[in-house]
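J.: Pasting the sequence and the predicted coordinates here, then a few questions.
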Amino acid sequence: MRLAWLTDIHLEFVSRPDVEAFAREVRAEGPDSVLIGGDIATAAKLVAYLELLIELLRTPIYFVLGNHDYYGGSIAAVRAEVDRLVRRRRELTWLTTSGPVPLTARTALVGHDGWGDGGFGNAAGSPVALNDFELIEELRLLTYQWELLAVLRRLGEEAAEHFRSTLPLALRDHEHILVLTHVPPFREAAWHEGRESDEDHLPYFACRAAGRPCAM
């Protein structure tokens, strides 16, 4: 099987002709399926762009969402809208709500959006203020750092619980497992501006909770 992996494509910043040209380049590689690792668009345009990608890529799409996909909306509302979309479009599989996907007789795919959960780095004292904290409804009105960390840790635990349930199922019947997530589960993989994230950015750029089941 031949896979194309796309991530952080931020389609809201480019024109329709540019999106079409990009899709042609992907199709030219001849993938059997396309994996998208999140940050597809912002909340208001996310579903429209997913439907456009179905039209342009003409192949099954397996995806997770990133933090930017919730900008200008709420986590709950975006999730509900995307859930409705994947229920009516068989070409799309949102791995966050899916079980393991058999790719070949030996390889399966699992995934979850993940979230920077404050599990690494200087979580309590970080001065970093992400756009997430202003543009995502569930994070926008949190006054204190401990309130923010409580929400982030809950989101991280959602990812961990998903992997705890899907990885054993995938390993039962497959030798190889591919894991797709937007937020890396290990600090060494959480890079920012060309190097490993510093202690102040790391709490928001890695999902420690998801790393525990992924390291099994």
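T.: Now that the structure is in, tell me what you want to look at. Computed from a predicted model, the values in this text were never measured in an experiment. Residues are numbered from 1 along each chain as shown.
J.: only C-alpha atoms for contact and neighbour calcs from this point on.
T.: OK.
J.: Could you list the buried residues of the lengthiest helix in the chain?
T.: Across the chain, the longest stretch assigned as helix under DSSP state H is helix 145-173. Burial within helix 145-173, assessed by neighbour count using 16 or more other Cα atoms under 10 Å, is assigned to 148-149, 151-153, 155-160, 162-164, 166-167, 170.
J.: partners of the next helix or strand after it in the sheet?
T.: The first helix or strand that comes after helix 145-173 along the chain, using DSSP states H and E, is strand 176-181. When pairs are called by DSSP bridges, strand 176-181 turns out to pair with strand 107-112 (parallel).
J.: List of residues touching the strand it pairs with?
T.: Here strand 107-112 makes contact (Cα atoms under 8 Å, 6 or more residues apart in numbering) with 64-65, 95-103, 159, 162-163, 166-167, 170, 174-182.
J.: Help me confirm that Leu92 comes into contact with Pro60.
T.: Yes: at 6.2 Å, Leu92 counts as touching Pro60 under the criterion of Cα atoms under 8 Å.
J.: Now the common contact residues for those two.
T.: Taking Cα under 8 Å, 6+ apart as the contact rule, Leu92 and Pro60 both touch Ile54.
J.: Who has more neighbours out of these two?
T.: Using other Cα atoms under 10 Å as the criterion, Leu92 and Pro60 rank with Leu92 on top: 21 against 16.
J.: how much space between the more buried one and Asp198?
T.: The spacing between Leu92 and Asp198, counted by Cα to Cα, to the nearest Å, is 36 Å.
J.: wait, isn't Val82 in contact with Tyr49?
T.: No: between Val82 and Tyr49 there is no contact, the gap being 11.4 Å when judged by Cα under 8 Å.
J.: Report the buried members of the contacts of strand 107-112.
T.: Applying a neighbour-count criterion of 16+ other Cα under 10 Å, the buried members of the contacts of strand 107-112 are 64-65, 95-96, 99-101, 103, 159, 162-163, 166-167, 170, 174, 177, 180-182.
J.: which residues does Trp5 form a beta bridge with?
T.: With DSSP bridges as the rule, Trp5 is bridged to Leu35.
J.: again, but for Phe63
T.: Ile36, Trp94.
J.: how many other residues sit next to it?
T.: Neighbours of Phe63 under the rule other Cα under 10 Å: 27.
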